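**Q** Provide a 3D model corresponding to the input given below.
(one chain, ligands or ions: 2)
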Amino acid sequence: LVSREAKREDTVITVKDVAIGGESVTLIAGPCAVESIDQMMLAAEKVRLAGAKILRGGTYKPRTSPYAFQGLEEEGLKILNTAGRFAGLPTVTEVIDLPSLEIASRYVDILQIGARNMQNFRLLQAVGQTRLPVILKRGLSATIEEWLMAAEYIMAQGNSQIILCERGIRTFETATRNTLDLSAVPLVKELSHLPILVDPSHSTGASRLVASMSRAAVAAGADGLLVEVHPEPCKALCDGPQSLEPEDFTRMVESLRPIAAAV
Ligand code: PEP
Ligand code: MN
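**A** Ligands and ions are numbered 1, 2, ... in the order given. Modelled structure (predicted):
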């Protein structure tokens, strides 16, 4: 169902008045984790002014360490929802299991399946039974075929609103958090009709590398970017080192305009 043979034309997913796929480059931005109402209101306003069309914020965080901040859960979803409505931006959050899916579906416009859950087949099927658009991140060590098969799990349940997201894969290289596989962008476009985003934040792990990887992603044909932006990255509870300051995000977006038809 996800293959080009199944459908020739590119899929365009519309959330409120925002399109993902097609001619424009859609920017999704916000902090890794929802931390407080003040943080989210500020983040929402700043990313909207810079040109972001969708607000992100994690409230169920699949952290490597069980002692790290795990997210504000439903309280965080209320904050994300309020900040999104305040700024007039649709929202996206990650779901990690069936209970978080059930709760998050009531508060957000788009669901996200994170890299660590790309092959959580029961979760994929459950998301496939909703009618919300889903961002499906590539697994830490997933091949493109495994990734597209994960999308197939969602679509086989009747939900065809899937947005793929390349977020870097694990290689022998440790200088960056992951290795951004930009060739995935044109390859996925060849193999599938689904839109594809690039996440320059998790793929590099370093805010100073985000702008150049964003430009490269857009040049490679990405339908959008998923970028971590925090009002005060040095105080972030999660992923501060890879989060852009709002001013840097604004500059980065400006630098995309000569490359993309419409940002
Ligand atoms: C995230 O988007 O905050 C996240 C946890 O990403 P990934 O699943 O790609 O690691
Ligand atoms: Mn993160």
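
**Q** show me where this structure has helices.
**A** Under the criterion DSSP state H, helices of the chain are mapped to 37-50, 73-87, 98-104, 121-128, 144-155, 184-191, 200-204, 207-219, 246-256.

**Q** out of those helices, which comes closest to ligand 1?
**A** helix 200-204 (4.3 Å; CB to the nearest ligand atom). In this view, the C-beta of every residue, glycine as well, is placed from N, C-alpha and C.

**Q** So what's the residue count around the closest residue to ligand 2 within the stretch 151-263 of the chain?
**A** Closest approach between the stretch 151-263 of the chain and ligand 2, counting by CB to the ion: residue 239, at 3.8 Å. Counted by other CB atoms under 10 Å, the residues lying close to residue 239 total 20.

**Q** Quick check: it touching residue 210?
**A** No - counting by CB atoms under 8 Å, residue 239 does not reach residue 210; the two are 11.5 Å apart.

**Q** so what's in contact with the two at the same time?
**A** residue 201 (CB atoms under 8 Å, 6 or more residues apart in numbering).

**Q** check contacts around the residue most central in space within the chain.
**A** With distances taken as CA atoms, centre = their mean, residue 226 lies nearest the centre of the chain, 4.4 Å away. Applying CB under 8 Å, 6+ apart, we find residue 226 in contact with 28, 29, 56, 135, 165, 167, 197, 198, 199, 201.

**Q** and of those residues, the nearest to residue 1?
**A** residue 135 (17.7 Å; CB to CB).

**Q** what's the spacing between stretch 104-119 and its chain's center?
**A** Remark: stretch 104-119 is offset 9 Å from the chain centroid, using CA atoms, centre = their mean, to the nearest Å.

**Q** ok, which residues in the stretch 151-263 of the chain are in contact with ligand 2?
**A** With CB under 5 Å from the ion as the criterion, the stretch 151-263 of the chain meets ligand 2 at residues residue 239.

**Q** got the residues of the stretch 151-263 of the chain near ligand 1?
**A** By CB under 6 Å from any ligand atom, the part of the stretch 151-263 of the chain that sits against ligand 1 consists of 167, 202.

**Q** Nearest to ligand 2: which residue in the stretch 1-150 of the chain?
**A** For the stretch 1-150 of the chain, CB to the ion, closest residue to ligand 2: residue 32, 3.3 Å.

**Q** Distance check, that residue against residue 215.
**A** Distance from residue 32 to residue 215, counting by CB to CB, to the nearest Å: 22 Å.

**Q** of those two, who's got more company?
**A** Taking neighbours as other CB under 10 Å, residue 32 and residue 215 compare with residue 32 leading, 25 against 18.

**Q** Which residue, neighbours along the chain excluded, lies closest to the more buried one?
**A** residue 239 (3.8 Å; CB to CB, 6 or more residues apart in numbering).

**Q** For that neighbour, give me its contacts.
**A** Contacts of residue 239 by CB under 8 Å, 6+ apart are 32, 33, 201, 202, 228.

**Q** Dump the residues you listed to CSV, plus distance to residue 153 and pLDDT.
**A** CSV is the format used below for the contacts of residue 239 (distance: CB to CB, whole Å; pLDDT from 0 to 100):
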residue, distance to residue 153, pLDDT
32, 26, 98
33, 27, 98
201, 26, 98
202, 22, 98
228, 27, 98
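
**Q** Of those residues, just the buried ones, ChimeraX syntax please.
**A** Listed next is the ChimeraX selection for buried residues among the contacts of residue 239, using 16 or more other CB atoms under 10 Å:
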select :32,33,201,202,228
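
**Q** Okay, the residue nearest to residue 32 and residue 35: tell me how far apart.
**A** 12 Å.
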